[in-house]
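Student: next come a sequence and a model predicted from it.
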Amino acid sequence: QAKYQGGNQQQQQQHQQQNRQRQQKRQAVAAAASVAQQQHQTTVGTTADSPTDPLFKFLKTQKSALKCSPRKFFDWLQSEDVTTVEDLQDACEDEDFSKQLVVNGLKKFKTKTFKNAVEKAALAAGKSSSASSPSPPTLPPVARRHIPDELICPITHAIFDDPVVARDGGTYERVAITEWFVRQQQQVVEAYDEMVLSPNSQRAKDVIARGVIAPSGERVADFTLVDNRNTKIMARDFVEANPWARDV
């Protein structure tokens, strides 16, 4: 009986040690995910705080119609792909989206006033755009509109704006690769949580064994990003010579 109890205690100790190791790994991955998320928020926040953004400037004039800060409302609109006053005008015409406006920060009794202000701002923006570019540029034939592959982000499939090099050697758009790594790290954290509840979960084991991988498929543990200045200059020069590339 003493032998049995001793073996049982040893198994319990091993089990407790395994749980502690899993917990430590989970905490380490969670910490890395938190750092990456903060970097992402800093990057996005810097762009969003730009005083020259027409949509953000418009929302600042509508503080009285909002239950939250203009910045928070702006961030939510960005997450819904509403990036201009014109986009907001189109969105306001959708009944379901109008309800979401109220849920996410618009005062309900200010809805009509807010929509009228959006309509006026969109009209003014359209007139300003027409005045600044009275004659649209002549575009080359579609068959000739080609952006070099080295100027295209493999995640967004759009021309680079802020390219960076990750540890796998690939070049990606900064915001896109940051979000990619955050999602990957969150998956690993969730896998460790799942292992605590279901130690035999094969899915969780596979995710943990896979770790965090870059879009290239290479496993990475260092999420440092380095500016790719040469590619940024090339992309900027290409867009200046080919304005249509901004919309591709």
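Tutor: Now that the structure is in, tell me what you want to look at. Computed from a predicted structure; not experimentally measured.
Student: the closest residue to residue 224 other than its chain neighbours: neighbouring residues, count only.
Tutor: Once flanking residues are discounted, residue 224 sits nearest to residue 167: 6.4 Å by C-beta to C-beta, 6 or more residues apart in numbering. Any C-beta I mention is one placed from the backbone N, CA and C, and that applies to glycine too. As a burial measure, residue 167 scores 16 neighbours (other C-beta atoms under 10 Å).
Student: equivalent analysis for residue 66, please.
Tutor: Other residues near residue 66 come to 19 when the count uses other C-beta under 10 Å.
Student: verify the stated contact: it with residue 106.
Tutor: Yes - using C-beta atoms under 8 Å, residue 66 is in contact with residue 106, at 6.3 Å.
Student: any shared contact partners between the two?
Tutor: residue 73 (C-beta atoms under 8 Å, 6 or more residues apart in numbering).
Student: and residue 157, its phi and psi?
Tutor: Main-chain dihedrals, residue 157, degrees, to the nearest 10: phi 60, psi 30.
Student: if I look at it, how far off is residue 173?
Tutor: Counting by C-beta to C-beta, to the nearest Å, the gap from residue 157 to residue 173 is 10 Å.
Student: in terms of contact, does residue 114 touch residue 106 like I think?
Tutor: Yes - taking contacts as C-beta under 8 Å, residue 114 lies within contact range of residue 106: 5.9 Å.
Student: joint contacts of those two?
Tutor: With C-beta under 8 Å, 6+ apart, residue 114 and residue 106 have common neighbours residue 65.
Student: contacting residues for the residue lying closest to residue 125 once chain neighbours are set aside?
Tutor: The shortest distance from residue 125 to any non-neighbouring residue, by C-beta to C-beta, 6+ apart, is to residue 85 (5.2 Å). Applying C-beta under 8 Å, 6+ apart to residue 85 gives the contacts 54, 55, 58, 118, 121, 122, 125.
Student: against residue 78, how distant is residue 85?
Tutor: Counting by C-beta to C-beta - residue 85 and residue 78 are separated by 13 Å.
Student: buried ones in stretch 112-128?
Tutor: Within stretch 112-128, the residues scored as buried using 16 or more other C-beta atoms under 10 Å are 114, 115, 117, 118, 121, 122, 125.
Student: next: stretch 195-211.
Tutor: Residues of stretch 195-211 classed as buried by neighbour count (16+ other C-beta under 10 Å): 195, 204, 207, 208.
Student: farthest pair within those residues?
Tutor: Farthest apart among these by C-beta to C-beta are 195 and 207. That separation is 9.5 Å.
Student: where exactly do the helices run in this structure?
Tutor: Remark: helices assigned in the chain by DSSP state H are 2-48, 54-60, 70-79, 85-92, 95-103, 111-132, 174-197, 202-210, 229-241.
Student: where does this structure dip in pLDDT?
Tutor: For the chain, applying pLDDT under 70 flags the ranges 1-9, 11, 15, 18, 21-22, 25-52, 126-145, 248.
Student: most centrally placed residue in it?
Tutor: By C-alpha atoms, centre = their mean, the mean C-alpha position of the chain lies nearest to residue 179, the distance being 4.9 Å.
Student: residue 166 and residue 228 touch, don't they?
Tutor: No - proximity of residue 166 to residue 228 does not meet the contact threshold set by C-beta under 8 Å, at 10.0 Å.
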